[in-house]
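S.K.: Can you look at this prediction? I've put the sequence above it.
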Amino acid sequence: MFVSIRLICVGYLKEENCISSYRVFLKEMKHLDEYRALLAAGCEYPTSICGKSLKAMLNEYGNMIVSGKYHLFVSSFCVTCSLCYMYAIFCYYLR
(Lines give C-alpha, C1' and ligand atoms only; values in the text may rest on other atoms or scores of the structure.)
Protein backbone atom coordinates (compact mmCIF):
# COMPACT_ATOMS: atom_id res chain seq x y z
CA MET A 1 0.00 0.00 0.00
CA PHE A 2 2.69 2.49 0.96
CA VAL A 3 4.58 1.79 -2.27
CA SER A 4 1.47 2.93 -4.14
CA ILE A 5 1.53 6.26 -2.30
CA ARG A 6 5.20 6.66 -3.17
CA LEU A 7 4.47 5.84 -6.80
CA ILE A 8 1.72 8.44 -7.10
CA CYS A 9 4.17 10.96 -5.63
CA VAL A 10 6.72 9.94 -8.27
CA GLY A 11 4.03 10.36 -10.91
CA TYR A 12 3.10 13.79 -9.58
CA LEU A 13 6.69 15.02 -9.67
CA LYS A 14 7.07 13.73 -13.21
CA GLU A 15 3.70 15.15 -14.31
CA GLU A 16 4.62 18.58 -12.94
CA ASN A 17 8.03 18.39 -14.65
CA CYS A 18 9.94 18.59 -11.35
CA ILE A 19 12.82 16.59 -12.78
CA SER A 20 15.38 17.32 -10.04
CA SER A 21 12.91 16.46 -7.28
CA TYR A 22 11.81 13.37 -9.23
CA ARG A 23 15.39 12.10 -9.47
CA VAL A 24 16.17 12.82 -5.80
CA PHE A 25 12.95 11.16 -4.65
CA LEU A 26 13.70 8.05 -6.72
CA LYS A 27 17.27 7.92 -5.45
CA GLU A 28 16.49 8.41 -1.76
CA MET A 29 13.25 6.42 -1.41
CA LYS A 30 14.47 3.00 -0.31
CA HIS A 31 11.17 1.22 -0.99
CA LEU A 32 11.22 1.97 -4.72
CA ASP A 33 13.98 -0.50 -5.65
CA GLU A 34 11.68 -2.51 -7.92
CA TYR A 35 10.46 0.64 -9.66
CA ARG A 36 14.03 1.83 -10.21
CA ALA A 37 14.97 -1.58 -11.63
CA LEU A 38 12.06 -1.43 -14.07
CA LEU A 39 13.08 2.05 -15.18
CA ALA A 40 16.67 0.90 -15.67
CA ALA A 41 15.36 -1.96 -17.85
CA GLY A 42 13.45 0.56 -19.98
CA CYS A 43 10.01 -0.30 -18.59
CA GLU A 44 7.50 2.24 -17.37
CA TYR A 45 5.34 1.22 -14.40
CA PRO A 46 2.01 2.99 -13.76
CA THR A 47 2.24 5.82 -11.25
CA SER A 48 -1.50 6.11 -10.80
CA ILE A 49 -4.06 4.39 -8.61
CA CYS A 50 -7.18 3.09 -10.33
CA GLY A 51 -6.09 5.08 -13.37
CA LYS A 52 -5.96 8.40 -11.50
CA SER A 53 -2.90 10.53 -10.87
CA LEU A 54 -2.35 12.29 -7.55
CA LYS A 55 -3.31 15.60 -9.14
CA ALA A 56 -6.55 14.12 -10.50
CA MET A 57 -7.37 12.54 -7.13
CA LEU A 58 -6.83 15.79 -5.27
CA ASN A 59 -8.90 17.73 -7.80
CA GLU A 60 -11.73 15.20 -7.58
CA TYR A 61 -11.55 15.15 -3.80
CA GLY A 62 -11.62 18.95 -3.63
CA ASN A 63 -14.61 19.10 -5.96
CA MET A 64 -16.47 16.54 -3.87
CA ILE A 65 -15.77 18.44 -0.64
CA VAL A 66 -16.88 21.74 -2.18
CA SER A 67 -20.06 20.14 -3.52
CA GLY A 68 -20.79 18.34 -0.23
CA LYS A 69 -20.70 14.90 -1.87
CA TYR A 70 -17.76 13.33 -0.03
CA HIS A 71 -19.83 10.27 0.95
CA LEU A 72 -20.46 9.55 -2.75
CA PHE A 73 -16.73 9.85 -3.43
CA VAL A 74 -15.82 7.15 -0.91
CA SER A 75 -18.74 4.83 -1.65
CA SER A 76 -18.02 4.83 -5.39
CA PHE A 77 -15.08 2.43 -4.96
CA CYS A 78 -15.24 -1.34 -4.77
CA VAL A 79 -14.07 -2.36 -1.31
CA THR A 80 -12.53 -5.58 -2.63
CA CYS A 81 -10.02 -3.65 -4.71
CA SER A 82 -7.21 -2.88 -2.27
CA LEU A 83 -5.87 0.00 -4.37
CA CYS A 84 -9.29 1.62 -4.52
CA TYR A 85 -9.70 1.12 -0.79
CA MET A 86 -6.28 2.66 -0.16
CA TYR A 87 -7.25 5.56 -2.42
CA ALA A 88 -10.39 6.21 -0.35
CA ILE A 89 -8.41 6.01 2.91
CA PHE A 90 -5.70 8.28 1.48
CA CYS A 91 -8.31 10.87 0.56
CA TYR A 92 -10.01 10.54 3.93
CA TYR A 93 -6.79 11.49 5.73
CA LEU A 94 -6.22 14.45 3.40
CA ARG A 95 -9.34 16.20 4.62
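M.R.: Received it, and whenever you're ready, just let me know what you need. The shown structure was predicted, so the numbers you read here are calculated from the model rather than taken from an experiment.
S.K.: which residues are contacting stretch 33-42?
M.R.: The contact list for stretch 33-42 (Cβ atoms under 8 Å, 6 or more residues apart in numbering) reads 3, 7, 10, 26, 44-45. To be clear about C-beta, it is placed using only N, CA and C from the backbone, and glycine gets the same treatment.
S.K.: oh sorry, the question was meant for stretch 11-18
M.R.: Under Cβ under 8 Å, 6+ apart, the answer for stretch 11-18 is 21-22, 25, 47-48, 53-55.
S.K.: Farthest-apart pair in the residues you listed, please.
M.R.: 21 and 48 (18.4 Å; Cβ to Cβ).
S.K.: before we move on, back to that, pull out the buried residues from the contacts of stretch 33-42.
M.R.: 7, 10, 26 (16 or more other Cβ atoms under 10 Å).
S.K.: so where does the last one fall, helix or strand?
M.R.: Following DSSP states H and E, one finds residue 26 within helix 19-28.
S.K.: Likewise for the first one?
M.R.: Using DSSP H and E, residue 7 sits within helix 2-15.
S.K.: Next, the buried residues of that helix.
M.R.: 4, 6-15.
S.K.: cool, stretch 41-57 as well?
M.R.: 47-49, 52-54, 57.
S.K.: Which segments of the chain make up each domain?
M.R.: Per automatic domain parsing, the structural domains of the chain span 1-47, 50-95.
S.K.: picking up where we left off before, can you check what angle separates the helix holding residue 7 from helix 19-28?
M.R.: Orientation check (axes from the mean of the first three to the mean of the last three Cα atoms, to 10 degrees): helix 2-15 against helix 19-28 gives 160 degrees.
S.K.: pLDDT of helix 2-15, averaged?
M.R.: Across helix 2-15, the average pLDDT comes to 83.
S.K.: Show me what counts as buried in stretch 19-27.
M.R.: Buried residues in stretch 19-27 (16+ other Cβ under 10 Å): 22, 25-26.
S.K.: so which strand or helix has residue 33?
M.R.: Using DSSP H and E, residue 33 falls in helix 33-40.
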